[in-house]
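Asker: heads up, no residue letters with this:
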């Protein structure tokens with residue numbers, strides 16, 4: 001692989017990583033604003049972008065021994081690595097926020113179920129609460 005092709009692939013990868021960084025910032029904002037539709041859309045975009053990054057990474061990995069030979073290629077590689085580390089941190093923070101939000105919703109759902117059904121609560125196989133029905137139409141003797 002010649003140096004121009006290598007630089008072209010690294011530049012393309014850097015562009016995609018910058019797009020991922022922006023997408024993660026948008027995801028953070030949509031989490032703050034609780035825009036669930038946008039969050040779902042961003043998750044799909046993030047998945048597509050990750051597939052593109054993986055494709056470029058596979059192509060680059062076959063030429064990994066050539067990356068350190070050029071200072072400009074090494075500088076691009078370092079910039080990509082640094083930005084990916086930031087993206088990883090942002091993605092972990094967003095994932096934690098989503099997890100906390102889901103837990104909060106589940107607690108609220110449990111409280112609503114308990115309020116609605118009184119003491120007729122049961123648990124499913126995963127330990128989640130659900131309303132038991134004392135008047136389910138079946139009479140047990």
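Answerer: Thanks, I have the structure now. Model, not experiment: these values are computed from the prediction.
Asker: Buried ones in the helix or strand hosting residue 50, by neighbour count?
Answerer: Here residue 50 is covered by helix 36-61, with elements defined by DSSP states H and E. Within helix 36-61, the residues that qualify as buried are 39, 42, 46, 49, 53, 56, 60, counting by 16 or more other C-beta atoms under 10 Å. Every C-beta, even on glycine, is put in place using the N, C-alpha and C of the backbone.
Asker: Tell me where the chain has strands.
Answerer: 121-123, 129-131 (DSSP state E).
Asker: hey, least reliable of those by pLDDT?
Answerer: Of all those, mean pLDDT reaches its minimum on strand 129-131 (a mean of 63).
Asker: hang on, the earlier thing: mind putting the buried residues of helix 36-61 in a markdown table, distance to residue 88 and pLDDT included?
Answerer: A markdown table is the format used below for the buried residues of helix 36-61 (distance: C-beta to C-beta, whole Å; pLDDT from 0 to 100):
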| residue | distance to residue 88 | pLDDT |
| --- | --- | --- |
| 39 | 19 | 90 |
| 42 | 17 | 93 |
| 46 | 13 | 95 |
| 49 | 14 | 95 |
| 53 | 12 | 94 |
| 56 | 17 | 92 |
| 60 | 18 | 84 |
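Asker: Could you dump these into a markdown table and include distance to residue 75?
Answerer: Formatted as a markdown table, the buried residues of helix 36-61 follow (distance: C-beta to C-beta, whole Å):
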| residue | distance to residue 75 |
| --- | --- |
| 39 | 35 |
| 42 | 30 |
| 46 | 26 |
| 49 | 23 |
| 53 | 19 |
| 56 | 17 |
| 60 | 15 |
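Asker: just checking, residue 50 touches residue 19?
Answerer: No - Residue 50 lies out of contact with residue 19 (C-beta atoms under 8 Å); the separation is 10.8 Å.
Asker: Averaging pLDDT per element, find the lowest-scoring helix or strand in the chain.
Answerer: strand 129-131 (a mean of 63; mean pLDDT, DSSP states H and E).
Asker: Right, I'll call it a day here.
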